[in-house]
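[1] quick one: sequence plus predicted model below, questions after.
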Amino acid sequence: MQINSILEVSGPGLPDVHFDEMELEDQRNAMAYLYAALTRALKEDLEGAMIDVLTEWYDEVFTILMQTDDRFRERFYEGVIWPPGGRAVRAKYLALAEKASES
């Protein structure tokens, strides 16, 4: 319930399917919502379990976009896209990006 409330943002809705079944535009929207939710959760120092779930979902969508979205991948490597947590998590996401490119 708390995760749903933190994901409540204005904007286009998301289809009720798993991230990997979404169209590219819905995946991009999911990434934006998860970025906002995870950033907020970290800033407000919310319960660890909630941050863990949001991070897991963020990582999943990040990996999908690294595999399928040239624009997202380019923007990440150019340093335009920074996952929540900034420099402290950059190495983690570089490793995820490398793993995604191997898939």
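    Structure's in. What do you need?
[2] can you give me the strands in this protein?
    Here the chain has no strands by DSSP state E.
[3] who touches the residue positioned nearest the centre of it in this structure?
    Residue closest to the average C-alpha location in the chain (CA atoms, centre = their mean): Tyr58, at 2.9 Å. Applying CB atoms under 8 Å, 6 or more residues apart in numbering to Tyr58 gives the contacts 31, 34-35, 38, 83-84. Any C-beta I mention is one placed from the backbone N, CA and C, and that applies to glycine too.
[4] nearest to Tyr93, of those?
    Pro83 (5.0 Å; CB to CB).
[5] that closest one against Thr63, yeah?
    No - taking contacts as CB atoms under 8 Å, Pro83 lies outside contact range of Thr63: 11.6 Å.
[6] so which of the two has more stuff around it?
    Pro83 (21 against 18; other CB atoms under 10 Å).
[7] related to what we said a few turns ago, what is the nearest of the contacts of Tyr58 to Met22?
    The nearest member of those to Met22, counting by CB to CB, is Met31 at 10.4 Å.
[8] in the protein, which spans are helices?
    Shown for the chain, the helices assigned by DSSP state H span residues 2-7, 24-43, 48-68, 70-77, 87-102.
[9] now do the second one: everything it contacts.
    Outside helix 24-43, the residues within contact range by CB under 8 Å, 6+ apart are 3, 6-7, 9, 11-12, 14-15, 19, 22, 46, 50-51, 54-55, 57-58, 61-62, 64-65, 68-69, 72, 83-85.
[10] give me that answer again for 6 Å
    6-7, 9, 12, 14-15, 19, 50-51, 54, 57-58, 61, 64-65, 84 (CB atoms under 6 Å, 6 or more residues apart in numbering).
[11] filter the residues you listed to the buried ones?
    6-7, 19, 50-51, 54, 57-58, 61, 64-65, 84 (16 or more other CB atoms under 10 Å).
[12] need these in TSV (columns: distance to Leu42 and pLDDT).
    Listed next are the buried ones among the contacts of helix 24-43 as TSV, based on distance: CB to CB, whole Å; pLDDT from 0 to 100:
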residue	distance to Leu42	pLDDT
Ile6	11	56
Leu7	15	62
Phe19	21	95
Met50	10	88
Ile51	7	92
Leu54	9	93
Trp57	14	96
Tyr58	11	97
Val61	17	97
Ile64	22	97
Leu65	20	97
Pro84	6	95
